[in-house]
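**Student:** Pasting the sequence and the predicted coordinates here, then a few questions.
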Amino acid sequence: MIDSATVKDADALLPLLLSAIGPIAHTLSGTTDDVETWDVLRDFLSSEHNRLSFRNILVERRDGAVAGMLIAYSGDAAEELDRPIRERLESLHGEEAASAVVTECKPGDYYLDSIAVDERFQGQGIAKSLIAAFEERGRSQGYDKLSLIVEPYNEGAYALYRKLGYKDDGLWQVSDGAYKRMIKQL
């Protein structure tokens, strides 16, 4: 069953988020210390207003557990959603750390920020279901373009997005890496 995440889901969401965003986690937390990164990201997941907020997360629940999650938000709100992250980084680590947080989408897009499925539940169509829910949410909010970025080496995810109708739209620089930007017109 797909529904909205709650603040109580933060601990279950954290390992999924980390598996989805990889090195971006260190950029957002301002540290390479794993324990500190977990603490920072848990705080963002539990907060009301930032890109990682539980408010922006859809979850698939199976057997009483969070089996998968998807983070999505409006490209029009992306700068505002990144502000708390940048402000925290600037206050603790300086302007350079804050400027490392790159807005990952364009205004006018409904953006799929992250998606992950717990390995215990992989191969059960959860990613497809979450993406379908994301697309429906974007459509119901009046968007005509969906976007996402994917690591160039993640051939499985890239193939899935292509199969679902997403098309290449150039490269996007995030956390010292180049990602493929993909879009889908609704």
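**Tutor:** Here it is on my side, so go on.
**Student:** can you give me the strands in this protein?
**Tutor:** 2-4, 57-62, 65-74, 110-117, 145-150, 167-174, 177-185 (DSSP state E).
**Student:** and S91, which of those strands is closest to it?
**Tutor:** The stretch from the strands of the chain with the least distance to S91 (C-beta to C-beta) is strand 167-174; that distance is 22.2 Å. Using the backbone N, CA and C atoms, a C-beta is placed for each residue, glycine as well.
**Student:** Give the buried residues for that closest one.
**Tutor:** 169, 172, 174 (16 or more other C-beta atoms under 10 Å).
**Student:** Let me have those in TSV, extended by distance to R61 and pLDDT.
**Tutor:** Shown next, in TSV, are the buried residues of strand 167-174 (distance: C-beta to C-beta, whole Å; pLDDT from 0 to 100):
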residue	distance to R61	pLDDT
D169	32	97
W172	31	91
V174	29	85
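**Student:** Now distance to Q185 too, for these, in a markdown table please.
**Tutor:** Formatted as a markdown table, the buried residues of strand 167-174 follow (distance: C-beta to C-beta, whole Å):
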| residue | distance to Q185 |
| --- | --- |
| D169 | 11 |
| W172 | 18 |
| V174 | 23 |
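**Student:** G22: which of the strands of the chain is closest?
**Tutor:** strand 177-185 (8.7 Å).
**Student:** tell me the angle of the closest one relative to strand 110-117?
**Tutor:** For strand 177-185 against strand 110-117, the angle by axes from the mean of the first three to the mean of the last three C-alpha atoms, to 10 degrees is 120 degrees.
**Student:** Now do the contacts for P107.
**Tutor:** P107 sits next to 75-76, 78 when contact means C-beta atoms under 8 Å, 6 or more residues apart in numbering.
**Student:** The same query, at a cut-off of 10 Å, please.
**Tutor:** 74-79 (C-beta atoms under 10 Å, 6 or more residues apart in numbering).
**Student:** so what's it scoring on pLDDT?
**Tutor:** The confidence metric pLDDT takes the value 96 at P107.
**Student:** Please apply the same query to D176.
**Tutor:** 76.
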